[in-house]
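>>> no sequence on this one, just coordinates:
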């Protein structure tokens, strides 16, 4: 599958997708982690049922 660069400004490039890419991650900034006292995914509250 080829990725499109149509939404990427000309001064940026998209790297080739790695076969080892991790798509199952949750990322927060250090400021957010400090504010919410997060150090692992276990520190997150459960998601409400939808």
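In hand now; what should we look at? All values reported here derive from a predicted model rather than from experimental measurement.
>>> measure residue 19 to residue 13 for me?
19 Å (C-beta to C-beta, to the nearest Å). Any C-beta I mention is one placed from the backbone N, CA and C, and that applies to glycine too.
>>> tell me which of the two has more neighbours.
residue 13 (8 against 5; other C-beta atoms under 10 Å).
>>> from residue 23, how far out is the more buried one?
Distance from residue 13 to residue 23, by C-beta to C-beta: 20 Å.
>>> cool, and residue 48?
In terms of C-beta to C-beta, residue 48 sits 23 Å off from residue 23.
>>> do residue 29 as well
20 Å.
>>> who's more crowded, those two?
residue 29 (8 against 4).
>>> and the pLDDT for that one?
Note on residue 29: pLDDT of 89.
>>> residue 34 too?
At residue 34, pLDDT is 92.
>>> how about the secondary structure of it?
helix (DSSP: H, G, I helix; E, B strand; the rest coil).
>>> please tell me how far it sits from residue 43.
When residue 34 is compared with residue 43 (using C-beta to C-beta), they lie 12 Å apart.
>>> contacts only, for residue 33.
residue 39 (C-beta atoms under 8 Å, 6 or more residues apart in numbering).
>>> got the contact list for residue 37?
residue 43 are the contacts of residue 37 under C-beta under 8 Å, 6+ apart.
>>> roughly how far does it sit from residue 46?
For residue 37, the distance to residue 46 - C-beta to C-beta - is 16 Å.
>>> got any ranges where the chain has weak pLDDT?
The model of the chain has pLDDT under 70 over residues 1-6, 8, 21-22, 49-50.
>>> quick one: the helices in it, in order.
Residue ranges of the helices in the chain, as given by DSSP state H, are 30-36.
>>> find the centremost residue of it, please.
By C-alpha atoms, centre = their mean, the chain has its centre lying nearest to residue 27, at 4.9 Å.
>>> having no further points to raise, I will conclude here.
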